[in-house]
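S.K.: coords please:
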Amino acid sequence: MEGRRHMWGKWIGCSVPTESRERFSAAQRAWSSISDQPGLIGQVGGWDPATGRAQLLALWTDEDAYRRFMREGHDAVTAANRQSTSYTAIDVATGEVVLDMPGDAGTALPLALERATLLRVADCRLLPGRDDHFLHIQRHLWAPGMAAAGGMLTGVVTRLEPHRYLVTTLWSTPAAHQHYTTHHLPTLLSRATLQQDVDSMTGHTLPLEPTWRVNSAQDRHGSDLARQGSDGPS
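M.R.: Reported below is the predicted structural model:
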């Protein structure tokens, strides 16, 4: 639909020396000050066990809200927390969310971001001309397949650049994700024909740091209502 606004995602990776981890974490906790920013849906992150890097996912209602924050609020936070002194390298990619992946929380991202304890990420670079088929498989195979496993709260697919897609799913517990990996993933992989679409893929399985979580103050009331209507805590 013309004029329709799409959610906007941001994926951040930081190389942090071991001796600077606590300083980085303290600075990351300071990002809670942006919870009242218009358009923020939420932000989560953690240490990647495979690489030791800090990885973060932020979601915004639309690109305009994100760009406004970058112009008017971002630099004040970084100046105050001095986080840039705690890492040696940073990678940042942003883009439009092109697909919702409903799970136990439906598509209620604020609730899922609040409850999740693990983030699974697949950073996919596609072969030329395979975007439509890749998204078709995400929508009709992976999304329902993960939802059927139980414990996947919700997920989104973000187009970071041409032929690069970030598939992110929020899980209630590491045990729920492990159950999916053991009992559901092999069958899904056998049907997905990844080699037809994907040139390369980097995976991340992140235990989330609770103190790095930034919940939108604007969505807090809505999350409370959603919680009251749910079957119980994840």
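S.K.: Now the residue most central in space within the chain: which helix or strand?
M.R.: Nearest to the mean C-alpha position of the chain, by Cα atoms, centre = their mean, lies residue 57 at 4.3 Å. Using DSSP states H and E, residue 57 falls within strand 54-60.
S.K.: Check the gap between residue 180 and residue 78 for me.
M.R.: According to Cβ to Cβ, to the nearest Å, residue 180 and residue 78 sit 37 Å apart. All C-beta spots, glycine's among them, are computed from the backbone N, C-alpha and C.
S.K.: Give me the more crowded residue out of the two.
M.R.: Legend: neighbour count by other Cβ atoms under 10 Å for residue 180 and residue 78, higher for residue 180 (21 against 13).
S.K.: Would you enumerate the residues in contact with that one?
M.R.: By Cβ atoms under 8 Å, 6 or more residues apart in numbering, the contact list for residue 180 reads 146, 149-152, 171.
S.K.: Which pLDDT does the model give it?
M.R.: For residue 180, the pLDDT comes out at 97.
S.K.: And the helices in the chain?
M.R.: Here the chain has its helices, by DSSP state H, at 21-29, 63-72, 74-81, 109-115, 131-137, 143-149, 174-183, 185-192, 194-197, 220-228.
S.K.: Just checking the distance from the third one to the centre of its chain.
M.R.: A distance of 22 Å separates the centroid of the chain from that of helix 74-81, by Cα atoms, centre = their mean, to the nearest Å.
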